[in-house]
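1. Predicted model follows, preceded by the sequence.
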Number of protein chains: 2
Amino acid sequence: MADDAPTRYEQLAHDMSQAIREGLLKAGDRLPSVRDTCQRRGVSPSTVFQAYGLLEARGVIEARPRSGYYVRAQKRPLRATPLAAVPRPEATEVAVSALAFEILESTRDPKVVPLGSAFPAPHLFPLDELTRAGARAMRRIRPEQITTALTVGDEGLRQALRRRYALQGVPLAADELVITNGAMEALNLCLQAVTRPGDIVVVESPTFYASLQALERLGLRAVEVATDPREGVVLGDLQRLLDQHEVAACWFMPNLQNPLGSLMPTPAKRALVELLASKGVPLIEDDVYGELYADVRRPPPAKAFDQAGHVLHCASFSKCLAPGYRVGWAAAGRYAQQVLRLKMMTSLATSIPPQLAIADYLAQGSYDRHLRQLRAALSAEQQRARRLIERYFPAGTRVTLAAGGYFLWLELPGDIDALELHHRAMSVGISTAPGVLFSADRRFTHHLRLNVGHPGDARVDPAIRTLGQLASAMR
Amino acid sequence: MADDAPTRYEQLAHDMSQAIREGLLKAGDRLPSVRDTCQRRGVSPSTVFQAYGLLEARGVIEARPRSGYYVRAQKRPLRATPLAAVPRPEATEVAVSALAFEILESTRDPKVVPLGSAFPAPHLFPLDELTRAGARAMRRIRPEQITTALTVGDEGLRQALRRRYALQGVPLAADELVITNGAMEALNLCLQAVTRPGDIVVVESPTFYASLQALERLGLRAVEVATDPREGVVLGDLQRLLDQHEVAACWFMPNLQNPLGSLMPTPAKRALVELLASKGVPLIEDDVYGELYADVRRPPPAKAFDQAGHVLHCASFSKCLAPGYRVGWAAAGRYAQQVLRLKMMTSLATSIPPQLAIADYLAQGSYDRHLRQLRAALSAEQQRARRLIERYFPAGTRVTLAAGGYFLWLELPGDIDALELHHRAMSVGISTAPGVLFSADRRFTHHLRLNVGHPGDARVDPAIRTLGQLASAMR
């Protein structure tokens, strides 16, 4: 978007990290000197220093005294195990709901260190500015606006969202946008709009537990597709599933998948949309973490390639601006009318004051600056946490190199039961999200999702150390 | 509740209107003189004048110059037609949704006179005070509160609600209260918590179209129970239905039914709860209009008699305090845990800022004063509208004497098609809610629900006149 165009140093950092990702620069390689880079790129030394500083904060490179900058060794990322497509047995599903519920409950206790939480630290968000924006907006509205917006949502907010989509190059039909009670409602409405009880829905593996709960609630069957910890859905595997099964929909997170933090490369997103369009299968795209990418450009959603209106793009402000406001939306393509009607039937409308607060905040023009700060803070914290995990967790632990966001996904050595570790951690006041939550058949028994989105919380470092020690003791 | 105890004049007005309802004073009868009443009741003349003034404003009595106060003739209220129990045909249902959707859309246009709207005029609500309360509350909270409240809702608001229930003598279990996105979400969650697809649910006849939509969405079958325009659900008919069918749940509005405005007498509510408890059938009680009674005491909900936890009581602030805030709740008895889990799965949580705004507003102590003013305004407007309808609608039109709220239900002479009237009215900028919306099988073809909750809107009187003329022209 206009005021989110990368600065010179961000562009430089982006190019450098791309070179590292593509293997042109390997772990231990020395980066070009500041002087060389200045000459080659025609930029000032301060630009180069800023770029290298950014990459250092992200843990991609490290400065060695009197020697220069070097590419950091990254712990070998977790590789995906291709998974058989297993329809979900009913009994397992209910157990997932109950456990997810228990874990969400446990994170409500402020005394528990929230490594199992779904939300980053609330102090990362401009809550005071939002409050002021809300009061300002509410004083300004005509009383009629409070009821006339109704199901579809506040027009000012919808316009602001349409503008952001347009600036990201995502085409949106005139009326496909519906404001919802957070992305959770958007996803549930979209799922219901494109399925009938008994239908098969493809989900990632591991997948966000809420998608399993939604499937359970609507009487749908899950088939899991192999999902790479770096690049997301494995398209070859998806193609096989589409040939084998009559699939009603896919529910994927191409940007910063929960829990893996994977990011589908842009060409893969395009191929995904084309593959599904050719089969007429709708894609429910959960993009709630898209703004939290650790790179300098927002990765496009799969929706960017949606020619046929088969992509139902769902997102919200809950993870990037306004937690607790429960303002999300769906851009539901050709299914927009059904989604709108389901919204009317299930909750009628989304609360107006939070919508007005966010619309007013967006109009102030400081959203993108906030996002930069948030991304930098989360990125630095993720690197810090990875180092602590490398240090304190037992040998053989593997951890994802998330492309952004605030989740890390750990694979513990095979003899450590992660659910047992979760219970032991809870008994000393630390929550986690054990891997069994993230699959229909409790496959990820020695995996954990850790929330590392609490920079400045002094309890986090000791908690990660304790968790590592508890895990080591279970070997 | 404590500061809602009736004043002397309200108590006197209550006793007088009860005497009129019970037939001790009939239409045309002269009321006791002010002096007599002072002596008999031991009150001051000003108390009597205030009481008579209140009854006059409500259209129950009228002052005749130099003669005294007389009981007004009430247009004969519409009587219920006992209805056969007809399972809902699928095709009809979809048509109801589409029409309901069209009508809700039409009321969004500020140029259309909103006689078909579901909401009263927004200027009746203390929107500025709520905005101030919201800003105050948001400045005061700890950032953690924004995420820790999560699914169950803000604890301060839940406490305030529990206090109001207690003051109304309604027993509530410790954890049965869940805050929702308006009553609409509460009702949908409750319905899903107690049913499986294919189940039979008893609804009133006529019934609120949202209940039909909810049944449709969840794949449930509707059976309609005879409903008296004054006293609500006919218990004898309900008993027969319960004997004939395996009923999974009832969805009723014992207080100020939409669209009839009927009020189940307190003993009937008790009998209803006992009947359903004896069969183990849950009652979903929609009580969104309960605070808008036209009498001086709030009628108790059926929930007041719920010993066994079978009543799922749903209500909201949308119709009595804060339209557009979408803050409602369910006190779901023994089903509370299921409702909470469904809430977590479908929308995760209710927006926090509106909850805090309402909780703060309630703590200021002016809610009951606001409710008195609102009730008086709606009551006077209802009487005014009834007189206009009597004057302008064709002979043979019958209209309900609603026990409160802001809806009137009209039965037009049998040769007038209400849906056609609705279309003609829309073409001249007046919305209505045609009767076909309010039944699974489009039974109420010459009925209309009119919203008469827009006092001070200069367009209402001409619109009612125009509507009456359009109806007359269709004879």
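-> Alright, I've got the coordinates.
2. going forward, measure contacts and count neighbours with C-alpha atoms only.
-> OK.
3. Now do the contacts for residue A:113.
-> A:107, A:429-431, A:459-460, A:463 (C-alpha atoms under 8 Å, 6 or more residues apart in numbering or on different chains).
4. 10 Å instead?
-> A:106-107, A:425-426, A:428-432, A:451, A:454, A:457-460, A:462-464 (C-alpha atoms under 10 Å, 6 or more residues apart in numbering or on different chains).
5. now do residue A:11
-> Counting by C-alpha under 10 Å, 6+ apart, residue A:11 has contacts A:5, A:17, A:47, A:51, A:295-297.
6. rewinding a little: show only the entries of the contacts of residue A:113 found in strands.
-> Among those, the members falling in strands (DSSP state E) are residue A:451.
7. Drop anything exposed from the contacts of residue A:113.
-> The neighbour count (16 or more other C-alpha atoms under 10 Å in any protein chain shown) marks A:106-107, A:425-426, A:429-432, A:451, A:454, A:460, A:463-464 as buried among the contacts of residue A:113.
8. Of those residues, just say which sits nearest to chain B.
-> The shortest gap between chain B and any of these belongs to residue A:107, at 7.5 Å (C-alpha to the nearest C-alpha).
9. re earlier: out of the buried ones among the contacts of residue A:113, which sit inside helices?
-> If you go by DSSP state H, the buried ones among the contacts of residue A:113 have A:106, A:425-426, A:460, A:463-464 in helices.
10. Hmm, which of those is lowest in pLDDT?
-> Among these, residue A:106 carries the lowest pLDDT, at 73.
11. Now do the same contact list for that one.
-> Residues near residue A:106 by C-alpha under 10 Å, 6+ apart: A:100, A:112-114, A:116-117, A:426, A:429-432, B:148.
12. helix or strand for residue A:18, which one?
-> Assigned by DSSP states H and E, residue A:18 belongs to helix A:8-21.
13. what residues does the helix or strand that that helix is followed by touch?
-> Counting by DSSP H and E, the next helix or strand C-terminal to helix A:8-21 is helix A:34-41. Here helix A:34-41 makes contact (C-alpha under 10 Å, 6+ apart) with A:8, A:12, A:31-32, A:42-49, A:52, A:68-69.
14. follow-up on the earlier one: will you turn the contacts of residue A:106 into JSON lines that also has distance to residue B:389?
-> Output for those, formatted as JSON lines (distance: C-alpha to C-alpha, whole Å):
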{"residue": "A:100", "distance to residue B:389": "56"}
{"residue": "A:112", "distance to residue B:389": "63"}
{"residue": "A:113", "distance to residue B:389": "64"}
{"residue": "A:114", "distance to residue B:389": "62"}
{"residue": "A:116", "distance to residue B:389": "61"}
{"residue": "A:117", "distance to residue B:389": "58"}
{"residue": "A:426", "distance to residue B:389": "66"}
{"residue": "A:429", "distance to residue B:389": "67"}
{"residue": "A:430", "distance to residue B:389": "66"}
{"residue": "A:431", "distance to residue B:389": "64"}
{"residue": "A:432", "distance to residue B:389": "64"}
{"residue": "B:148", "distance to residue B:389": "52"}
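15. Out of the residues you listed, which comes closest to residue B:63?
-> Distances from residue B:63 to those, taken as C-alpha to C-alpha, are shortest for residue B:148 (57.7 Å).
16. Please, which helix or strand holds the nearest residue to residue A:101 once chain neighbours are set aside?
-> Computed as C-alpha to C-alpha, 6 or more residues apart in numbering or on different chains, the closest residue to residue A:101 that is not its neighbour in sequence is residue B:341, at 7.3 Å. Using DSSP H and E, the element containing residue B:341 is helix B:336-346.
17. other SSEs contacting that helix?
-> Using 3 or more C-alpha pairs under 10 Å, 6 or more residues apart in numbering or on different chains; DSSP states H and E, the elements in contact with helix B:336-346 are helix A:90-106, helix A:182-194, helix A:209-217, strand B:177-181, helix B:182-194, strand B:327-331.
18. What's the first helix or strand after the first one?
-> Once the chain leaves helix A:90-106, the next helix or strand it forms, by DSSP H and E, is helix A:127-140.
19. Can you confirm whether that following helix lies near chain B?
-> Yes - shown here: helix A:127-140 in contact with chain B (C-alpha under 10 Å from any C-alpha of the partner chain) through A:127-128, A:130-139.
20. how about that helix: buried residues?
-> Buried residues in helix A:127-140 (16+ other C-alpha under 10 Å): A:127, A:129-138.
21. now the angle between strand A:177-181 and the helix or strand encompassing residue A:166, please.
-> According to DSSP H and E, residue A:166 maps onto helix A:155-167. Orientation check (axes from the mean of the first three to the mean of the last three C-alpha atoms, to 10 degrees): helix A:155-167 against strand A:177-181 gives 120 degrees.
22. Return the set of buried residues in helix A:155-167.
-> Here helix A:155-167 shows A:156-158, A:160-162, A:165 as buried, counting by 16+ other C-alpha under 10 Å.
23. so which of those comes closest to residue B:213?
-> Distance to residue B:213, by C-alpha to C-alpha, is smallest for residue A:158 among the buried residues of helix A:155-167, at 26.2 Å.
24. in terms of contact, does that closest one touch residue A:179 like I think?
-> Yes - using C-alpha atoms under 10 Å, residue A:158 is in contact with residue A:179, at 7.5 Å.
25. Give me the buried entries from the contacts of residue A:11.
-> With neighbours counted by 16+ other C-alpha under 10 Å, these contain buried members at A:17, A:47, A:51, A:295-296.
26. and residue A:194, what does it touch?
-> By C-alpha under 10 Å, 6+ apart, the neighbours of residue A:194 are A:248-249, A:281-284, A:312, A:335, A:338-339.
27. about what we covered before: tabulate the helices and strands packed on helix B:336-346 (TSV), appending distance to residue A:413.
-> Converted to TSV, the helices and strands packed on helix B:336-346 look like this (distance: least, C-alpha to C-alpha, whole Å):
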stretch	distance to residue A:413
helix A:90-106	23
helix A:182-194	33
helix A:209-217	23
strand B:177-181	41
helix B:182-194	41
strand B:327-331	45
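28. who does the one helix or strand residue A:251 maps to touch, helix- and strand-wise?
-> Per DSSP H and E, residue A:251 falls inside strand A:247-252. In terms of contacts (3+ C-alpha pairs under 10 Å, 6+ apart), strand A:247-252 is packed against helix A:182-194, strand A:200-205, strand A:221-228, helix A:235-244, helix A:266-279, strand A:283-286, strand A:311-316.
29. Neighbouring strands of it in the sheet, and parallel or not?
-> Sheet pairing for strand A:247-252, assigned by DSSP bridges, gives strand A:200-205 (parallel), strand A:283-286 (parallel).
30. what residues does the stretch 301-450 of chain A put near chain B?
-> So the stretch 301-450 of chain A meets chain B at A:318, A:322-327, A:340-354, A:357 (C-alpha under 10 Å from any C-alpha).
31. Quick one, which of the residues you listed are buried?
-> Applying 16+ other C-alpha under 10 Å to those flags A:318, A:322-327, A:340-354, A:357 as buried.
32. And stretch A:271-287, end to end?
-> End-to-end distance for stretch A:271-287: 18 Å, by C-alpha to C-alpha, to the nearest Å.
33. And it, how far out from the chain middle?
-> How far stretch A:271-287 lies from its chain's middle: 19 Å, per C-alpha atoms, centre = their mean, to the nearest Å.
34. go on, stretch A:436-456?
-> Taking the mean of its C-alpha atoms, stretch A:436-456 sits 14 Å from the chain's own mean (C-alpha atoms, centre = their mean).
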